[in-house]
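Visitor: Whatever this is, show me its structure:
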Amino acid sequence: MTQPPATRTTREKASAWREQEMFLLQEIMKQVGASLEPDRAIREMLHLLSEVLGLNRGRVVLREPEGEHFAIAYAYGLTRREMARGRYAPREGITGRVIADGHLVILQDIDKEPGFLGRAVERSRLPQAQVSFLALPLRVDQRIVGALACHRLRQSERALADDVAILRIIATL
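Guide: Numbers count the residues shown, from 1 in each chain. Modelled structure (predicted):
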């Protein structure tokens with residue numbers, strides 16, 4: 001019995017996404033394993049997330065050396081000015097909430113979430129389409145040290161669950 005063309009197309013798309021995921025993970029592991037500079041590996045990881053999977057404006061938010069605030073330490077797709085604006089107190093905005101509570105947050109549409117500050121990237125710089133925001137806590141030895149976050153177009157051919165799964169893997173690195 002043959003499958004309808006739509007099903008075959010869906011399977012083919014899923015297979016293509018899996019290939020891209022494997023490529024992404026291989027490249028990230030290569031960077032992590034080969035680089036004595038973690039900064040370079042993190043920036044390349046954010047670059048690959050954007051270019052391969054469309055998880056854009058990726059950022060790693062870490063505690064500032066002095067104080068209780070957290071700030072964007074690494075990013076891809078953000079200007080230096082945008083990075084400098086990305087500073088959060090625990091529980092402030094979505095990023096601060098992720099850091100304080102230690103739970104993944106998925107915003108389906110940033111325009112409908114009053115808790116989304118849009119501090120780092122002004123809405124006018126984002127696509128007009130619905131934009132989602134994904135943020136995961138970063139843990140070291142069961143202690144939350146920051147967050148990994150990115151934007152994603154709401155209407156994407158890729159399943160949201162697949163993006164979250166990849167981000168969870170990367171957050172453990």
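
Visitor: how far does stretch 50-60 sit from the chain's center?
Guide: The chain centroid and the centroid of stretch 50-60 are separated by 6 Å under C-alpha atoms, centre = their mean, to the nearest Å.

Visitor: now do the same end-to-end measure for that stretch.
Guide: Separation of the first and last residues of stretch 50-60 by C-alpha to C-alpha, to the nearest Å is 14 Å.

Visitor: Show me what counts as buried in it.
Guide: The neighbour-count criterion (16 or more other C-beta atoms under 10 Å) identifies 50, 52-53, 55-60 as the buried residues of stretch 50-60. In this view, the C-beta of every residue, glycine as well, is placed from N, C-alpha and C.

Visitor: any idea where the helices of the protein begin and end?
Guide: Assigned by DSSP state H, the helices in the chain fall at 5-34, 38-53, 80-85, 93-101, 160-172.

Visitor: packing partners for the second one?
Guide: Applying 3 or more C-beta pairs under 8 Å, 6 or more residues apart in numbering; DSSP states H and E, we find helix 38-53 packed against helix 5-34, strand 56-63, strand 70-75, strand 143-153, helix 160-172.

Visitor: Can you flag the weakest of those by average pLDDT?
Guide: The weakest mean pLDDT among the helices and strands packed on helix 38-53 belongs to helix 5-34, with a mean of 69.

Visitor: And it, what's buried?
Guide: For helix 5-34, by 16+ other C-beta under 10 Å, it's 17, 21, 24, 28, 31.

Visitor: sorry, back to before: could I get the helices of the chain as JSON lines with distance to Gly146?
Guide: Below are the helices of the chain laid out as JSON lines (distance: least, C-beta to C-beta, whole Å):
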{"stretch": "helix 5-34", "distance to Gly146": "17"}
{"stretch": "helix 38-53", "distance to Gly146": "11"}
{"stretch": "helix 80-85", "distance to Gly146": "14"}
{"stretch": "helix 93-101", "distance to Gly146": "6"}
{"stretch": "helix 160-172", "distance to Gly146": "10"}
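
Visitor: doesn't Ala135 make contact with His151?
Guide: No - counting by C-beta atoms under 8 Å, His151 stays clear of Ala135, with 10.3 Å between them.

Visitor: Let me have the buried residues of helix 5-34 in TSV, adding distance to Ala161 as columns.
Guide: As requested, the buried residues of helix 5-34 are exported to TSV (distance: C-beta to C-beta, whole Å):
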residue	distance to Ala161
Trp17	12
Glu21	12
Leu24	16
Ile28	20
Gln31	25
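
Visitor: Closest one to Asp162 out of these, please.
Guide: Set against Asp162, the nearest of the buried residues of helix 5-34 by C-beta to C-beta is Trp17 (6.4 Å).
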